[in-house]
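Colleague: could you look at this predicted model? Sequence included:
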Amino acid sequence: MHRAQAKVILDSISPEGIRLTTVQVRFWRPMLPELNTHRAISKNAGSSRARPSKAIIDQVRNDPWGPIHWGKNQAGMQARDELDQYWKDSSICHWLNSANHAASQAEKLLNNGAHKQIVNRLLEPFTYVDVLLTATDWANFFALRLHEDAQPEMQDLAQAIKSAMDASDPKLLQTGEWHLPYIEADDYERAGFHSNTKCGRLEIIKRLSVSRCAKISYTAFDGTVEPIEKELDRYRRLMESQPCHSSPAEHQATPDRIGYDGWESGLTSNLRGWIQLRKTLPNEYVPG
């Protein structure tokens, strides 16, 4: 079965030495509720309701996901010993047969005219999920999820994230500079043609980052540049709708000045020592 994947999208550090890291991960979807218990981490995840059913059915039929550790049944939450090889092979065969059966039944639901928000739920045990993660404080996550008592698939995810972060060197950002995932140097030139007195270049760049972070809901951003108006329109649909969808604005931040000159923003969030973009948005964007 598949192992978790992780890559660092952007890695920054403030003048106070507080590291802020954005990581894109792919892992077995049933582990998502476990990840969501970690509230120090800002997240945007792929939605089962957003992906076309046909694509998920094909994936489940041809490339299903599942457990990486086939533990023996025993008392308690942990299955430390794996099944003997014969029973492990037999269990994997049953799992793959179940995936194929689920794909067939989902196809029948789709042919009946059922919406993908129903059809796709039947397929979730055999699928992956892409998630964008941003945090300053990872210690509790690693302590819990790298522990021997954690489910092996969560250990695998935590190890993939840790390995990616260990191999990354954060870039120093000063106050006023922004941690903006998925933004490349040439985006500033593109944004310059669209800036005006009401919306300057930096503001457009922030909006492009938010738009690209939101895209993971239906497809992970792969670096493909869309027309800038399309990306800005996605931002407007997210932020100007009622209710607004402001979670993709949790991945952008600038260093807070608290601690080294006696000033602090007061804009607290789960990103310690950083001012999160979501906290700076107009009140009409973020209802109380």
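Modeller: It's in.

Colleague: what segments of the stretch 51-200 of the chain are helices?
Modeller: Applying DSSP state H, counting those that start in this stretch to the stretch 51-200 of the chain gives helices spanning 53-62, 85-111, 116-119, 139-145, 152-166, 185-192.

Colleague: and stretch 143-156, which residues are buried?
Modeller: If you call a residue buried by 16 or more other C-beta atoms under 10 Å, then stretch 143-156 has these buried ones: R145, L146, A150, Q151, P152, E153, M154, Q155, D156. The C-beta positions use only the backbone N, C-alpha and C, and glycine is treated the same way.

Colleague: save the helices of the stretch 51-200 of the chain as JSON lines, and put in mean pLDDT and distance to Q78 too.
Modeller: What follows is the helices of the stretch 51-200 of the chain, written out as JSON lines (pLDDT from 0 to 100; distance: least, C-beta to C-beta, whole Å):
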{"stretch": "helix 53-62", "mean pLDDT": "96", "distance to Q78": "28"}
{"stretch": "helix 85-111", "mean pLDDT": "98", "distance to Q78": "17"}
{"stretch": "helix 116-119", "mean pLDDT": "96", "distance to Q78": "34"}
{"stretch": "helix 139-145", "mean pLDDT": "97", "distance to Q78": "14"}
{"stretch": "helix 152-166", "mean pLDDT": "98", "distance to Q78": "9"}
{"stretch": "helix 185-192", "mean pLDDT": "82", "distance to Q78": "47"}
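
Colleague: possible to save those helices as TSV with distance to K7?
Modeller: Listed next are the helices of the stretch 51-200 of the chain as TSV, based on distance: least, C-beta to C-beta, whole Å:
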stretch	distance to K7
helix 53-62	20
helix 85-111	26
helix 116-119	28
helix 139-145	17
helix 152-166	6
helix 185-192	19
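
Colleague: buried set for the helix or strand of the chain with the lowest mean pLDDT?
Modeller: Sorting the helices and strands of the chain by mean pLDDT, DSSP states H and E puts helix 185-192 at the bottom, at a mean of 82. For helix 185-192, a neighbour-count test (16+ other C-beta under 10 Å) marks D187, R190, A191 as buried.

Colleague: closest one to L271 among the helices of the stretch 51-200 of the chain?
Modeller: Evaluated over the helices of the stretch 51-200 of the chain, closeness to L271 peaks at helix 139-145, with 14.3 Å, by C-beta to C-beta.

Colleague: which strands or helices does the closest one pack on?
Modeller: Contacts defined by 3 or more C-beta pairs under 8 Å, 6 or more residues apart in numbering; DSSP states H and E place helix 139-145 against helix 152-166.

Colleague: that'll do, ta.
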